[in-house]
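[1] Mind looking at a prediction? Sequence and model below.
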Amino acid sequence: MSKKGKVLVAMSGGIDSTVTAMMMHEQGYEVIGITMKTWDYANSGGTSKETGCCSLDSINDARKVSVDMGFHHFIVDIRDEFGDYVIDNFVDEYIAGRTPNPCVLCNTHIKWSSLLKRADALDCEFIATGHYAKILENDGRKFISKAKDERKDQSYVLWGLSQECLNRSIFPLADYTKPEVRKMCFDWGYTDLSKKGESYEICFVPDNDYRGFLKRRVDGLAERVDGGDFVNPQGERIGRHQGYPFYTIGQRKGLGVAFGEPMYVTEIRPDTNTVVLGKLEDLIRNGMTVSQINSMKYESIPDGLEATTQIRYNDPGSLSILKNEGEQIEVEFLSNVKGVAPGQSAVFYEGDDVVGGGIIYGSKKF
């Protein structure tokens with residue numbers, strides 16, 4: 001038994017999780033690897049080759065590392081858990097006219113829950129993942145902070161983690177850059193793996209055609225929503241669209257109609273199957289409502305807190321004032337913000353520290 005204890009390492013077969021497992025092993029932990037099968041791509045009906053964390057090649061890559069390093073490795077089928085929550089939510093949100101972020105839901109409601117359950121069954125005190133983020137502490141509370149590698153930082157997608165999850169999690173890559181991680185992988189002898197590319201697509205939509213996925217997933221959807229109106233901000237009809245679920249706030253390309261000037265999706269109205277198009281300035285908002293709040297750095301988010309609010313992954317963030325309104329947060333931006341999309345995550349930062357986050361419920365233009 002290791003003096004440092006047992007750690008369950010989530011292994012997708014990629015560079016980051018592989019190096020995480022090797023680092024934990026080198027640091028003296030008793031490592032157990034686990035690969036979670038979240039999705040069977042054959043069920044999606046797409047046309048692209050199966051890639052990513054659920055492919056057979058990725059599972060075999062994870063298993064090979066565990067054999068080489070001499071620790072146990074398990075494959076766990078969580079397709080039912082994943083599908084019931086993440087995919088159903090993904091579909092429901094688009095049908096409601098919102099733009100979901102399934103990776104956030106998967107992290108906070110499926111992967112960590114599944115990891116903790118298996119960690120308990122295997123007597124593992126800790127779980128470790130290859131996320132680029134730091135775990136810090138403030139007055140006895142754990143919270144997420146940005147990683148050293150700003151380009152790879154994943155703090156935005158981890159805002160929903162509970163204190164129970166944070167207290168048992170380890171992120172070994174927090175103080176490393178991606179090139180440094182690739183070099184470690186190479187130096188450990190995994191030459192081919194060290195050259196492996198990044199995976200950015202949603203795991204259950206690896207061909208990146210979410211519209212096709214929705215059509216295959218919901219019987220008769222295309223026929224039910226086809227032929228709605230594009231309208232301008234004044235409500236005047238300016239064209240026909242293919243169905244409101246197939247558009248997102250801020251979208252400019254793929255509208256199927258030429259207007260002689262750039263036009264953007266500024267609002268989606270599912271009740272009337274209407275999509276509002278406007279100019280770039282029509283996307284401007286200076287406030288929004290955020291629900292499903294998870295406070296991380298403090299027991300509750302301080303009323304009137306000045307924070308940098310990030311509304312999408314890789315968004316630089318905007319200075320804002322946070323106001324408590326019951327179970328919601330009213331965000332007042334101190335400068336105009338474009339493309340606030342209901343359904344996406346809003347994450348509140350103090351410097352590099354995640355104060356908390358939630359789901360964008362609606363936007364405002366004062």
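    Thanks, I have the structure now. Residues are numbered from 1 along each chain as shown.

[2] phi, psi of residue 70?
    Note on residue 70: backbone dihedrals following degrees, to the nearest 10 are phi 80, psi 30.

[3] which ones are touching it?
    Under the criterion of Cβ atoms under 8 Å, 6 or more residues apart in numbering, residue 70 has no neighbours. C-beta coordinates here come from the backbone N, C-alpha and C atoms, glycine included.

[4] tell me what the lengthiest helix in the chain is packed against?
    Longest helix of the chain, by residue count under DSSP state H: helix 56-69. Counting contacts by 3 or more Cβ pairs under 8 Å, 6 or more residues apart in numbering; DSSP states H and E, helix 56-69 is packed against helix 15-26, strand 30-37, strand 72-77.

[5] Where does pLDDT dip in the stretch 1-150 of the chain?
    For the stretch 1-150 of the chain, applying pLDDT under 70 flags the ranges 1-2, 40-55.

[6] quick one: contacts for the closest residue to residue 319 other than its chain neighbours?
    Nearest residue to residue 319 in three dimensions, chain neighbours excluded: residue 334, at 4.5 Å (Cβ to Cβ, 6 or more residues apart in numbering). Contacts for residue 334 (Cβ under 8 Å, 6+ apart) come out as 318-321.

[7] Tell me the confidence at residue 334?
    With respect to pLDDT, residue 334 has a value of 96.

[8] Tell me the first helix or strand C-terminal of the one helix or strand residue 307 maps to.
    When elements are assigned from DSSP states H and E, residue 307 belongs to strand 305-310. Downstream of strand 305-310, the next assigned helix or strand under DSSP H and E is strand 318-325.

[9] tilt between that next one and strand 305-310?
    120 degrees (axes from the mean of the first three to the mean of the last three Cα atoms, to 10 degrees).

[10] Just checking the distance from the helix or strand following strand 318-325 to the centre of its chain.
    Counting by DSSP H and E, the next helix or strand C-terminal to strand 318-325 is strand 328-338. For strand 328-338, the separation from the chain centroid amounts to 21 Å (computed by Cα atoms, centre = their mean, to the nearest Å).

[11] partners of strand 328-338, with directions?
    Here strand 328-338 is paired, per DSSP bridges, with strand 284-295 (antiparallel), strand 318-325 (antiparallel).

[12] average pLDDT across the first one?
    The average pLDDT within strand 284-295 is 96.

[13] Buried residues, that strand. List them.
    284-291, 293-295 (16 or more other Cβ atoms under 10 Å).

[14] follow-up on the earlier one: nearest to residue 218, out of the strands paired with strand 328-338?
    Closest to residue 218 of the strands paired with strand 328-338, according to Cβ to Cβ: strand 284-295, at 23.8 Å.

[15] Give me the residues contacting the closest one.
    108, 159-162, 301, 311, 325, 327-333, 335-338, 340, 346, 355-366.

[16] now swap in stretch 159-166 and tell me
    Here stretch 159-166 makes contact (Cβ under 8 Å, 6+ apart) with 104-105, 107-109, 112, 116, 135, 141-144, 169, 294, 296, 345, 347, 354, 356-358.

[17] Out of those residues, name the ones that lie in strands.
    Secondary structure from DSSP state E places 135, 141-144, 169, 294, 345, 347, 354, 356-358 of these in strands.

[18] Can you tell me which of the residues you listed is closest to residue 76?
    residue 169 (17.8 Å).

[19] May I have the beta-bridge partners of that closest one?
    With DSSP bridges as the criterion, residue 169 is bridged to residue 127.

[20] thought it was touching residue 133?
    No. Contact criterion Cβ atoms under 8 Å: residue 169 and residue 133 do not qualify, at 9.5 Å.

[21] For residue 300, see how far away residue 26 is.
    Per Cβ to Cβ, to the nearest Å, residue 26 is found 40 Å from residue 300.

[22] what's the neighbour count on residue 248?
    Neighbour count of residue 248, defined by other Cβ atoms under 10 Å: 17.

[23] Give me the nearest residue to it, chain neighbours excluded.
    Nearest residue to residue 248 in three dimensions, chain neighbours excluded: residue 99, at 4.8 Å (Cβ to Cβ, 6+ apart).

[24] Hmm, the one you found is touching residue 343, no?
    Yes. Using Cβ under 8 Å, residue 99 is in contact with residue 343, at 4.4 Å.

[25] pLDDT score assigned to residue 266?
    95.

[26] Quick check: it touching residue 281?
    No. Assessed by Cβ under 8 Å, residue 266 is found out of contact with residue 281, at 9.7 Å.

[27] Comparing those two, which residue is more hemmed in?
    residue 266 (25 against 10).

[28] In what element of secondary structure is the more buried one found?
    Element membership of residue 266 [criterion: DSSP H and E] is strand 264-269.

[29] Contacts for that strand next, please.
    Here strand 264-269 makes contact (Cβ under 8 Å, 6+ apart) with 97-98, 233, 244, 247-252, 255, 274-280, 282-283.

[30] Now, of those residues, which are buried?
    97-98, 244, 247-251, 255, 274-278, 282-283.

[31] Which members of the residues you listed occur in strands, if any?
    Per DSSP E, strands hold the following members of the buried ones among the contacts of strand 264-269: 274-278.

[32] now, among the residues you listed, which is nearest to residue 72?
    For these, the residue nearest residue 72 by Cβ to Cβ is residue 275; the value is 51.7 Å.
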